[in-house]
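[1] predicted coordinates and the sequence they were generated for:
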Amino acid sequence: MAQLIDGKAISARIKDELKEEVAQLKAQGITVTLAVILVGQDPASCVYVRNKARACEYIGIRSISCELPEQTTQEELLKKIEELNADKDVDGILVQLPLPDHINEDAVIAAISPDKDVDGFHPQSVGALCIGKPGFVSCTPAGIIQLLKRSDVTIEGKECVVVGRSNIVGKPMSLLLLRENGTVTICHSRTKNLKEVCRRADILVCAIGKPKFFTRDYVKDGAVVIDVGIHRNADNKLCGDVDFDDVAPVASKITPVPGGVGPMTIAMLMKNCVESARRKASAVLR
Ligand code: NDP
């Protein structure tokens, strides 16, 4: 039976480490500040924004909440981002996605200063990851690397299969595994013989957005299985892209849903904010 990779416990440890770091920065007169912009009142987005504010409060990060009405124009939103870019007290800017249909997400992401792009979605951040330069990394895949490392999973030299090629999960995940010297295969909806390819994996990352899609036929004996998917089933229970009960007996380690990858995303966002404040402080000292 697979060992559980406990994202709740690992993310709690990371938050405690950050709390200490933030206290040290405060002692040097540095307050870490995150600005979160929410446009409209999408219920799921409101919950995410609230959870982020709660995490900030726990760690000691100052959070500024900018709640804008649904009918905010793209111009108004870009102006708000410009103000926050120029505000020396703000270390991180996060625009909660999705945005209302009349606003172009790409334009908004591109407007955030790469120095404050704590979500890691700016093209410059993605490019930096691609060519191995410093920059912010998308929080969910960065969290998965932490889960693997803190569960003593060696990535170097391993066959890593990532299923899903989205800009926020699959692609950065593949680049991060490559950076850790894994041998990486990326699969998507046009991949032929998906089962066979997945069965080659020592580390299998499932991020396709289809509930319980991955059964044990996709998993090699002893593989490490990371489930990124989040779905609510008919009984209002959360489940992932992996059929946990079917796969757990053959995997060596596996993330549950809930309590696996999910809690890591906010923890890594907090980590990026603290990193941003540190970079700013060391630039001032130079
Ligand atoms: P997207 O819908 O943006 O991307 C899904 C990817 O999966 C696409 O690349 C698609 O291929 C591929 N895909 C879809 N169906 C299949 C299939 N049958 N076989 C192989 N590949 C397939 O999703 P995201 O990456 O944004 O999210 C994936 C999942 O992760 C979702 O359940 C989401 O809710 C969850 N998520 C969880 C987070 C967390 O914090 N835990 C954060 C972000 C996402 P193609 O490109 O060819 O269309």
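    Cool, got the structure. Numbering: from 1, shown residues only.

[2] do the longest helix anywhere in the chain and the ligand meet at all?
    For the chain, the helix with the greatest residue count under DSSP state H is helix 262-285. Yes: for helix 262-285 and the ligand, the contact criterion (CB under 6 Å from any ligand atom) is met by 262, 265. Where C-beta positions appear, they are placed from N, C-alpha and C, glycine not excepted.

[3] show me which residues of that helix are buried.
    262-277, 280-281 (16 or more other CB atoms under 10 Å).

[4] what of stretch 170-190?
    170-178, 180, 182-187.

[5] which parts of this structure sit against the ligand?
    Residues of the chain lying near the ligand (CB under 6 Å from any ligand atom): 140, 163-166, 168-170, 187-191, 194, 207-210, 228-230, 261-262, 265.

[6] where do the strands sit along the stretch 1-150 of the chain?
    3-4, 33-39, 62-68, 92-95 (DSSP state E, counting those that start in this stretch).

[7] got JSON lines for those strands, with mean pLDDT and mean neighbour count too?
    Shown next, in JSON lines, are the strands of the stretch 1-150 of the chain (pLDDT from 0 to 100; neighbours: other CB atoms under 10 Å):
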{"stretch": "strand 3-4", "mean pLDDT": "98", "mean neighbour count": "15"}
{"stretch": "strand 33-39", "mean pLDDT": "98", "mean neighbour count": "23"}
{"stretch": "strand 62-68", "mean pLDDT": "97", "mean neighbour count": "16"}
{"stretch": "strand 92-95", "mean pLDDT": "98", "mean neighbour count": "26"}
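
[8] may I see the ones you listed arranged in a markdown table, with distance to Phe214 as well?
    Putting these into a markdown table (distance: least, CB to CB, whole Å) gives the following:
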| stretch | distance to Phe214 |
| --- | --- |
| strand 3-4 | 17 |
| strand 33-39 | 33 |
| strand 62-68 | 36 |
| strand 92-95 | 30 |
